[in-house]
Every structure is written in C-alpha cells, then in structure tokens.
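# for reference, the sequence and a predicted model appear below.
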Protein chains: 4
Amino acid sequence: MTKFHGVVPPVVTPLNPDFTVDYPSYTRVLEHLIGGGSHGVFVLGSTSEVVFHDERTRQEILEHTVKVVNGRVPVIAGVIDPTTDRVINHARIAKAAGAAAVVVTAPFYTVTSQSETLDHFRYIRDAVDIPLVAYDIPVCVHVKLARATVTTLAREGVIIGIKDSSGDDGNFRYALLDLAEYRDVFLMTGSEIVVDNALQMGAHGVVPGLANVDPHGYVRLWDAAQRGDWAAARKEQERLCRLFEIVWVAQGRVSDGASGAGAFKTAMRSLGVIATNVMPRPRAALDEAETARIDVILRSTGLLG
Amino acid sequence: MTKFHGVVPPVVTPLNPDFTVDYPSYTRVLEHLIGGGSHGVFVLGSTSEVVFHDERTRQEILEHTVKVVNGRVPVIAGVIDPTTDRVINHARIAKAAGAAAVVVTAPFYTVTSQSETLDHFRYIRDAVDIPLVAYDIPVCVHVKLARATVTTLAREGVIIGIKDSSGDDGNFRYALLDLAEYRDVFLMTGSEIVVDNALQMGAHGVVPGLANVDPHGYVRLWDAAQRGDWAAARKEQERLCRLFEIVWVAQGRVSDGASGAGAFKTAMRSLGVIATNVMPRPRAALDEAETARIDVILRSTGLLG
Amino acid sequence: MTKFHGVVPPVVTPLNPDFTVDYPSYTRVLEHLIGGGSHGVFVLGSTSEVVFHDERTRQEILEHTVKVVNGRVPVIAGVIDPTTDRVINHARIAKAAGAAAVVVTAPFYTVTSQSETLDHFRYIRDAVDIPLVAYDIPVCVHVKLARATVTTLAREGVIIGIKDSSGDDGNFRYALLDLAEYRDVFLMTGSEIVVDNALQMGAHGVVPGLANVDPHGYVRLWDAAQRGDWAAARKEQERLCRLFEIVWVAQGRVSDGASGAGAFKTAMRSLGVIATNVMPRPRAALDEAETARIDVILRSTGLLG
Amino acid sequence: MTKFHGVVPPVVTPLNPDFTVDYPSYTRVLEHLIGGGSHGVFVLGSTSEVVFHDERTRQEILEHTVKVVNGRVPVIAGVIDPTTDRVINHARIAKAAGAAAVVVTAPFYTVTSQSETLDHFRYIRDAVDIPLVAYDIPVCVHVKLARATVTTLAREGVIIGIKDSSGDDGNFRYALLDLAEYRDVFLMTGSEIVVDNALQMGAHGVVPGLANVDPHGYVRLWDAAQRGDWAAARKEQERLCRLFEIVWVAQGRVSDGASGAGAFKTAMRSLGVIATNVMPRPRAALDEAETARIDVILRSTGLLG
C-alpha cells in the first residue's frame, strides 16, 4: 500500500464571525482527526470550501496545517481553480508549503473536452514536481473524468492517485480493475455512505467529509474492512449513514453545498470541536432549529451524550 | 437610453506564443471595435477567456483597455471568480482601474440556490461602489439566474443591467416586460444569431463575441433596428449567422469553448487584426486546415477579399 | 406558402369527470379555434395529452375532429408513441381517419442516436403514404433533433415540415436558412411567447397551446406579421405573454405538464368553452384558488368581462 | 425472504428477420436462464425491449413465458407505457396471462412530479389486484423515484418491491435501511457490475441484463454472497465486469440502448442460444466486426471455447 491510504478526511475550515479562518478551532479539527486515527488529511478541497478562499488565505491554511500535523500523517492539498496556469501557481505554493501531494480537478467555468483535460493534468505535472491526484467531482466542475482519461493519466505517470467523488461506483470499479497492476497508484472514494462497498472493491482509501464529525467511525469501518470483517464494516457504515442524514436538515432552505458543509460545521460545534458554524459568503449558516435537529441525530448515533 | 447600450463587444484577448497577453494586437482589437462603431466594450468576460488569467494580468488588461479607449466609449469589466469575496476583490481592482461598471456571474464550482445568488449580488454591491451588471451564463456556471432573481435585484437597485447569455429568449422577454418601467436598467443579449429578435423585443444592447470579427455588421444591424427597418436587420443578421458558422469548424476536435473563442482569434488573424491564434492552456488552438475553412467563410460573407 | 401555415393550435382534449373525452366540449373547442381564424388544427399532440389516450380513443378523437372540421382547415394529427412500428400503426389509423399530415417525435423511453432517429422517420415514411412532420420536443423525449437531422430529412423528402418546441431559437433560425430553397417545407414554432420573433425569422406557422384560450390573439399577431407591422405584432405578443402567465399559477403544487395544460383547460372553462378542467391520471386538476388567480389574468388581458 | 429474490434476469426478446418474435429462440432463452439457476424471470422490461412491442405482442410473449416456465420460478412482467390508464390496461392483461407481479415505471413523455408519481402507483394498485414492483429507471423515464416516494409506497402497501436501475447506490442503501422492518418488501438492483455491493448492503435480488449471457455467473455470485464469501463474490463480479465490456463494443456507431441489448443478443447468438441478433426498429443490429470483438471477450471470460 502506498503512503496515501486509509481514512483521509477533507478538512473543514472553521471561520470567525468576520469570515477569517478561526485557527484555534482549525487546530482542534486537525487534532480531532489525527487523534481519531485518520491516516492523512486532505485540505483545501470542496469540504474545506477552498474556492471561497484567496491565494494568500489558502497558503496560510496549508502552512498552518503542515505545522500542526508535523509529519504525523501526510498532508494532501487541493489546488483548485478554473484553469491550468492558475492551478500551476497554486501547486507551486502548495509544494513550497510542504504538501505531500496536490489534488487537481478538471477545468471549470470553461467547457472542456476529455482531450483538453488530459493536457491540463500533463501541463501541471510538467510544471511542478509534486505528486498529482486527479479529483473527479462532476457536481462542481460539471464534467466527469472518463475512465480512459484517468487510466491514461495513471499509466503515463502523470497522476499517482484518484479521488472519486462522482458517485459512479461502476466506473470507479473499472478504474480499479484497469489499474490493478499499477501498485503505486491509489484510488480513493469521496463517498460517505458506500465506503464499505468501495473498500470491498479494492479502494485504497476514503475521503469522507463526514469524518470531520466522526473520524473514529470511519477508522473503525476501515479497520473492519482491512481484517475482512464485512459484517462489522456494514454495521458501522449503516450507523454512519444515519449520521449522514444531518446533511439534509437544512436542504431546501439553503443550497445543497451549504446544507452539507454547514451541517458538518454545526455538528462539530455541538461536539465542541469548533467555535462557530459560520459559512463563507454567500452561503447561509444553519440556524437554531436546524442545529436542534442535528443534535437529535448526533445523540441517536451515539456522538452526543 | 442609458449610457450602456448598443453594440458592446466582449473583447477577445490575443496572446503571444508564451501565453502572455499580446498588447500590440490587443490595442488593434480595441481600435478595430471602436472604429467599427461599437458603443462600448466588455473586457474580462468569457470571450476574453478571463478565467484563464490571474489577478495581476486582469488588472493589466483592464488598465491597458482604459488607457487605449480613453473615454471614447464605456468600458465594462468582468469580475469573474467562483465566490463572493473573491469577486469583491476583483471589483475593487476594476473600480480603481477605471471600469464604468462590473459584470458579475452567479457563484460557480459551489452549488448555489437562487437565494444565495441574491445575497451574492447584494454583498458585492454593498462592498464596492460601482454599478453592477448581472451576467446570466448557465453554460459556464451551471445555474440560470431566475426571472425573479434578476428582477428583484434590479428593483432593489442592486444591479443596473443584465447580460443574458442563457439562450432562453422567452425568459429574457419576461425580464424586459417586468422591468419596462425601470428606465435606468438595461438588458443586453449575449446572442450572436438572434440579435434582431432581441432588439425587436426591446433589448437595450447586444454583446456578441462575433463582433470581434465583424463589428460593422452588428452596428449595421443595430442601426437598422433603431430606425425600425426590420427587413434590413434580418438580412444583416442572416449574413452574420452564416459568418457565425466559423465557431463549429473545429467542433469535435477541440472543446466547444476552444472552438468558439479559437475561431474568433483565427478569423481575426486572417483579417490582420491580431498576430496569433494562440489559446490559453489547456485549450488547443485551431490548426491550418481549420483556418482554411474559416477563411472560406470569411470570403463568402464578404470579410476577406 | 404551403397549405400548412399560419396559426395551427394544438387542440386541448376536454374530459368528463370519468376521464372519457367530453365530445360536446371538444366540438366547441374546434369551433372556437376555427371561428377564431385558425388556419389549421393539430390534434393528438402534447397539449392534447395524447400519451394519456389509448389507440381506440385516439382514433375516435381524430375521426370526431375530421367530421367537425369538415374540410374547413387542414387537420394534422400527432402519432406519438415510443418506437417506430408503434408509430407506423398510429399513422395508418390517422391516414384512414382523414388526417392531412402526421406529426412524429423522436423515439422515447429508449435512448436514441441521431442516426437511429433518421432511420425512424425514414421507416415511417416508407410504410405509410402520408406527409410527415418532425416534432422537436426535447422536454418530452429528452433528445433534440439536430439541425443536420431535420435538414437531411427535409432534403430527402422524408418530412414536409417541422414543429419546433425545443425553445432553441438559434437552431430554428439555422433550419430556416438551410431550407430556404425548399419551398414545400414548412417550419412551425411551438412557442407561445416569442412568436413574433419566429415569424420575423421567416417561420411559416405557429402552434401555440395558448391559442386554445385566445385564438383571436394569435391570429391578430399572425396578420400583423404578414403585413410587416412588427410593432403591432410585438404589442399583441406582449399581451399574450401576460396571458401566458396562467401556466405558472399551479407550478410547484402540480407538475409543469399539469400546470400548463391544466391552466389552458381551467381558462377555457372560465370562458365557457369547455365544461370541466378534469385532467387525465395521474395529473392533478387545478383547484378553486388557482382558478381565481387565472380568472384575474383573463380579466386583465381582456378575455373575461 | 419473499418468493421474489435471487437472480431474476430481465429476459431478452429474440426476433426473426421480419421483426416478429422468434419463439423457438425465446423458449431456449428461458430454458438457458432457468437451467442456469435463475430464481425468477422478468419479462417485458427494458432489456426485453418492451416499448418496441404492441399490446398484442406483449400478451403473446407473456403467455408464452408462463407456459414455458410452467411454475418453475416466478414470472414478473413489465407493464410499461407512458401513463396511468394505459399501464392499468397492460396490468390487467398481465394478470390474466398469469404474471406473479407487475413492474411499473414512473410516467414518461409527460413531465411528472413526485406527488403525481405517488398517485400513479396508487391508481394502478387500486385498479388491478396484482402485486406491484416500482421500477426506478431514470435513464429511460428521466425522473428518479425519490427515496421518500418508494418508501411511502412500500409503507402504504402499494408496492411490494423495487427494481432499482438508477445507479444511485447510496439512495438504494437508504431505501434498504428505511424498509428494513418491512419484511415482505424486496429491493432488487438492476446493476450488472456492482451486484456484490448491492448484496452486501442487503439487497434481496438482482436483475442483470447480462445474466442472459451468463446466468451461471450471477448465480455463483449470489450463492457466494448468501454464504458470506465476499472474496469469492468479488472475484466472480470482476469476471462479469470484464464480460460486461461487450456492451461498449458498438458504442458510438449505434445508440447506447442498441449497443447494450444488441451486445447481449449478439453474444447469445455466438453461444448458440438464439438464432439472430436482429434489433427492433429503429435500432441497428451489431455487425460482423463487432461480433468478432464480442467473441474475443466471450472467450477471455470463459464462455466460448
């Protein structure tokens, strides 16, 4: 197994009421995740609300992360912006700040072909000497990384891994089969709710936003899968599925993006990990009634006394 | 009629082979457009390939534009990035650089609700004292600005205009009807091929990428519409429709985005306006065979001898 | 101009409380449309709720239509079902019942390619000797008839016309330009709200569901366009746009399909044309509160005293 | 476990060159499936190309099936057409012909809401006394059966099962959890490639089109899962994934629908089960080159000598 494996939570970015990063809370999040047994951390991804942060803030977040983590687990960093050269710039900063690998999406805002997407990854790899992970997240970039795209990039050595948040489990399976002999390439799922399945297929890791709320749960699930105890894995997964219902509490009132990341923040506040559930603009934060409903779910899943 | 009206081309950004901006060519583009009778220019929009450029380059492009235009026509500037506070930063720079108004899309990458989109525009308006234009471009941001969203923003005084590149002509018409009594609000279409229709509905302006290739054509169309000569407007529009076929020449080989903006650049090179048809990465430039096909169209529509 | 032109309303199918067709009301609908100056009628289309009716009922509706119309205007009949041979069967019945032409969509339920769609029309044309009209309605069949598909079919003589309900006005314009020299081919728009534009482009006819409520309005619009009085056309169109707001009165409570056809029925009941606003199952009918809101719109647009 | 469980292949409908059903081949298909250990058969579904067949042919197919199966396994029948009353008619015929249950999709062609979809199933259940199975197949009907829709229908006793061909495994898992205490309700996946996962989640059955080609494979997979041997289940599934590659052999030349069902037919012809690979119009059949490529896959997965 490569050094990138296991439970690698995409780290939530807690904010102060003035929308600056709340670093004391952020430090607690990192300790919460590492203390919970996480095998790595993924910062500056979608769950981190990366696209709400400018270049300077992203650099500070990453530098802070590297300092706090202090080599205990690998730090993977998202370098997410619409186009190639802007991503290259982020990747250079991430490398300088000490990231072990960078995570790159397909271009967005601009409409891209699979051929352009191939070139996008190749240009970045040529420009910056840091391991690349392909991030398949069509809900954000509105294009799916085709099976042939990711396998070509892996076979060429352009990417060393894939984070699949597409929800297309069949396609993920084929990527695992296609790359089975490429031992240095790792495939991770971004799912929160079919992690046991992904591991049964042979996935090398899991990057669930919900692990911010319950890292121990995902580590137990991972451990059960490693020892082949699929019944225990399923049982843990089903508890986590009930916990994941928090992401729909505010659905309809706020956007799906705000409902999900906002629920993680709200639950983490209830658990005492972070100080506020402030959301970056224009996302609306969850309100008191929604917090109460989330607390009910936290209690019923054993996280809150 | 407000000062923003008429033919307002979204200005193509010519590049050097090293992907830096080719300012001598860029100056010629601006003179070509103003000399062709354009009533304004829109820089740093989708046709300008704005999301390929970083903050510093955007600022240089805008400052160069303001200097060259030198008050002859209004300069409207796109301030396009995924989220509110990043857009506010761009808007401050644009204001300082002398933009007469800024053009703002819905958030992207993040999934947004109409309610969040309303707040997005309000936050920006509150933060920067410069006229805002709402840019409805679902093909890029993957959300449509609902009729109620744009009319609410206009009635609140948050926006002074709309650039509609959604292709939903019926919805555009309702926005025109809803805002008929708001004399200071202008509605512009981003279409190249149904401009006569938009003007017949009462649109105040037109922002066609194809005007980079043939500004005189769109100015003739505008003038015909102003004098109510709809037969002449239609005839000019139909010639421009034949010219617009250049955008499909490279379709399939490159992405739709590259095929469109790349065709404009290639035609402008053939017409002697710009020096190269270089595209920003990862977009591929049009090749010789495609250039030859574009030249045939330029000849058949009277632009090339 | 071919015999198919002008205002050709897609005829609403009024129902009895037991969901059978209310033929006395249906007769009144036909007289209302022909008396209002319609140049043809299109029965068994989407507005007619054709897919809710079985083969035998469709035949009865068509035979009743032909009898009532009695040659005063052409009767065009939808022959709408998922696949080729089923459509051929409907087309044979329609021919026997006296339809002047039949209207055919792309296959649905099954996912089709443009190539299969070409063959679909060719097979039908080969099997039944009756003029075919291609019906472009992606909102129902989830595939768009590509520009090349319809122009190929027209040039081959497979189809004699197109009913475009796609909302893609730019594509419609290109079809008009491509087929300008095919004098026997007619192109009709299914739009209710940009009819003046379609006619300005050169459309040969219009098939607006809203004409069931106000045939005179669309005939006035058509007549204004024929004499080149685009200002009058626009004014009439804008009144019809305000009337068209009835289709959104029930939006959200019922599906968009039920909200639209249901609004037409409810308005026609208020106008005394039909007896009920019963909808075929599983569509829900509009309720009293919605009827009251529709009546307000009917009054404000001059249709109800 | 209910009587509906296990491997229930959706039965391919072989055709003669004149597009009539090839009943001798069809009988062989049924014997091939039952002989392979299938626990039931699902006829007149998407894989059966049901929407290409008229009412009379559907009845014949079902009657032939019931006669050949002769009680050895349950026969489930699709009753698929766009709207409620047409489905009711099919359901009555299916009941009379001896189907053990009928499979119903959401309405199609017409745009429906979840509320209308609930009523659709309720009306059908009220009208015909036969067990209903909800068929979630958004690729065909373009609406997803929401989690709340299927669980409401199951709790009301309107449906006794679900066939989920949506590819949304997370949603499927929630339906399983929501209905865990409803012991008489069965949930089946339509997937071919993540069947081991679905069974690990607790799915009661599997309806893979590919089982027409290799029923033994899916029965081995089912048996491995029943005894908790997930490693064996995964190994069998991975072999079936390689076999499933046949469905992409003709992709691009023909539509996805024709490419999939056509590949099954072509493979079954190579295996000697059926006589032709004729497709219903307008679908194109696979050609010789594609057949050769399919035979390669059949050999590499051990099905052809």
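Perfect, thanks for sending it.
# Three-state assignment for residue A:110, please.
coil (DSSP: H, G, I helix; E, B strand; the rest coil).
# which of the helices or strands spans the closest residue to it other than its chain neighbours?
Using CB to CB, 6 or more residues apart in numbering or on different chains and skipping the chain neighbours, the partner closest in space to residue A:110 is residue B:257 (4.8 Å). For every residue, glycine as well, the C-beta is placed using N, CA and C. Per DSSP states H and E, residue B:257 falls inside helix B:256-270.
# and residue A:88, its phi and psi?
Residue A:88 adopts backbone torsions of phi -60, psi -40, taken as degrees, to the nearest 10.
# am I right that it is in contact with residue A:127?
Yes. With contact defined as CB atoms under 8 Å, residue A:88 counts as touching residue A:127 (4.5 Å).
# so those two - more neighbours on which side?
Higher neighbour count among residue A:88 and residue A:127: residue A:88, with 20 against 16, using other CB atoms under 10 Å in any protein chain shown.
# for the more buried one, give me its contacts.
Under the criterion of CB atoms under 8 Å, 6 or more residues apart in numbering or on different chains, the neighbours of residue A:88 are A:123, A:124, A:127, A:128.
# 10 Å instead, please
A:79, A:81, A:104, A:123, A:124, A:125, A:126, A:127, A:128, B:281 (CB atoms under 10 Å, 6 or more residues apart in numbering or on different chains).
# just to revisit the earlier point, common neighbours of residue A:88 and residue A:127, please.
The contact lists of residue A:88 and residue A:127 share residue B:281, where a contact means CB under 10 Å, 6+ apart.
# which stretches of the stretch 101-250 of chain A form strands?
For the stretch 101-250 of chain A, strands defined by DSSP state E, counting those that start in this stretch occupy the ranges A:101-105, A:132-136, A:161-164, A:186-189, A:205-206.
# for the ones you listed, which one sits closest to chain B?
Judged by CB to the nearest CB, the one of the strands of the stretch 101-250 of chain A that comes nearest to chain B is strand A:101-105, at 8.4 Å.
# would you list the strands that that closest one pairs with, along with their directions?
Strand pairing for strand A:101-105, using DSSP bridges, gives strand A:75-78 (parallel), strand A:132-136 (parallel).
# count of neighbours near whichever residue of the stretch 1-150 of chain A sits closest to chain D?
Relative to chain D, the nearest point of the stretch 1-150 of chain A is residue A:147 (9.9 Å; CB to the nearest CB). Burial of residue A:147 is recorded as 18 neighbouring residues (other CB under 10 Å).
# cool, residue A:76 as well?
27.
# show me what contacts it?
Counting by CB under 10 Å, 6+ apart, residue A:76 touches A:4, A:8, A:10-11, A:40-45, A:94, A:99-103, A:131, A:133, A:161, A:163, A:188, A:207.
# anything in stretch A:239-248 near chain B?
No. Contact of stretch A:239-248 with chain B is not found when judged by CB under 10 Å from any CB of the partner chain; the minimum separation is 12.6 Å.
# report the buried residues of that stretch.
A:239, A:240, A:241, A:243, A:244, A:245, A:246, A:247 (16 or more other CB atoms under 10 Å in any protein chain shown).
# got it, and stretch A:51-61?
A:51, A:52, A:53, A:57, A:58, A:59, A:61.
# how distant is it from the center of its chain?
Relative to its chain's centre, stretch A:51-61 lies at 16 Å (CA atoms, centre = their mean, to the nearest Å).
# just the mean pLDDT for it, thanks.
Stretch A:51-61 carries an average pLDDT of 98.
# that stretch and chain B, are they touching?
Yes. Judged by CB under 10 Å from any CB, stretch A:51-61 and chain B are in contact via A:51, A:52, A:53, A:54, A:55, A:57.
# residue B:224: which of those residues is nearest?
Nearest to residue B:224, judged by CB to CB, of the residues of stretch A:51-61 next to chain B is residue A:51 at 43.8 Å.
# check contacts around the closest one.
Contact analysis of residue A:51 by CB under 10 Å, 6+ apart lists A:44-45, A:58, A:78, A:80-82, A:108, A:140, A:280, B:81-83, B:86, B:107-110.
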